[in-house]
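Engineer: with the sequence up front, the predicted model follows.
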Amino acid sequence: MTLLTQLPMPATLLVCIVIAAVLVYAPFILVGAARLQMGYDMSAPRTMTDKMPLYAQRANWAHQNSFESLALFAPAALMAYVTGQDSTIALGAAIAYIIARSLYSVFYILDIPILRSAMFAIGSLGIYTLFFLSCRTALALG
């Protein structure tokens with residue numbers, strides 16, 4: 001993560017969006033492996049979910065939740081980019097989101113709900129911090 005702190009803030013925000021997009025698919029590796037072990041059903045892959053081992057089901061749920069989270073983080077980071085956020089608070093919020101979402105999937109797959117929920121809260125706090133900072137700047141300019 002030190003690379004992210006050395007980049008200019010606009011680049012950091014864009015790189016964080018790319019990392020977040022990649023993190024969406026990280027848990028799906030386990031889902032794919034479980035499907036292959038079961039004998040992949042190309043005609044109905046979604047029906048295989050209920051038959052997968054619990055760790056693979058949790059990986060699938062983490063994968064799905066990651067899409068929902070990305071749908072909020074990407075616009076928050078883009079708003080921060082557009083409004084020229086350059087504070088350590090904005091930097092910390094973006095990096096905290098990436099770290100939290102990385103650990104979120106791990107804790108989901110390992111079935112540690114309290115830590116999973118904590119990572120969800122930290123990631124959400126990062127998102128809403130970026131929204132707040134961006135709106136504050138936009139309203140001050142208008």
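Structural biologist: Thanks, I have the structure now.
Engineer: what count of nearby residues applies to the residue nearest to residue 81 when sequence neighbours are not counted?
Structural biologist: Of all residues not flanking residue 81 in the chain, residue 13 sits nearest, at 4.7 Å (C-beta to C-beta, 6 or more residues apart in numbering). The C-beta positions use only the backbone N, C-alpha and C, and glycine is treated the same way. When neighbours are counted by other C-beta atoms under 10 Å, residue 13 registers 25.
Engineer: OK, contacts around residue 13?
Structural biologist: Going by C-beta atoms under 8 Å, 6 or more residues apart in numbering, residue 13 touches 77, 78, 80, 81, 85, 90, 94.
Engineer: going through the residues you listed, which ones are buried?
Structural biologist: Among these, those buried by neighbour count (16 or more other C-beta atoms under 10 Å) are 77, 80, 81, 85, 90, 94.
Engineer: what helix or strand is the fifth one on?
Structural biologist: Yep, that's residue 90 we're talking about. For residue 90, the enclosing helix or strand under DSSP states H and E is helix 88-109.
Engineer: give the buried residues for stretch 28-38.
Structural biologist: For stretch 28-38, burial by neighbour count (16+ other C-beta under 10 Å) applies to 28, 30, 31, 34, 35.
Engineer: list the contacts of the helix or strand bottoming out on mean pLDDT in the chain.
Structural biologist: Within the chain, no helix or strand scores below helix 2-6, which has a mean of 79 by mean pLDDT, DSSP states H and E. Applying C-beta under 8 Å, 6+ apart, the contact partners of helix 2-6 are 12, 15, 16, 91, 94, 95, 98.
Engineer: one more time with 6 Å
Structural biologist: By C-beta atoms under 6 Å, 6 or more residues apart in numbering, the surrounding residues in contact with helix 2-6 are 12, 95.
Engineer: give me the angle between the helix or strand just after it and helix 88-109.
Structural biologist: Using DSSP H and E, the helix or strand that directly follows helix 2-6 along the chain is helix 9-25. Interaxial angle of helix 9-25 relative to helix 88-109 (axes from the mean of the first three to the mean of the last three C-alpha atoms, to 10 degrees): 10 degrees.
Engineer: starting at the chain centroid, how far to helix 9-25?
Structural biologist: How far helix 9-25 lies from its chain's middle: 9 Å, per C-alpha atoms, centre = their mean, to the nearest Å.
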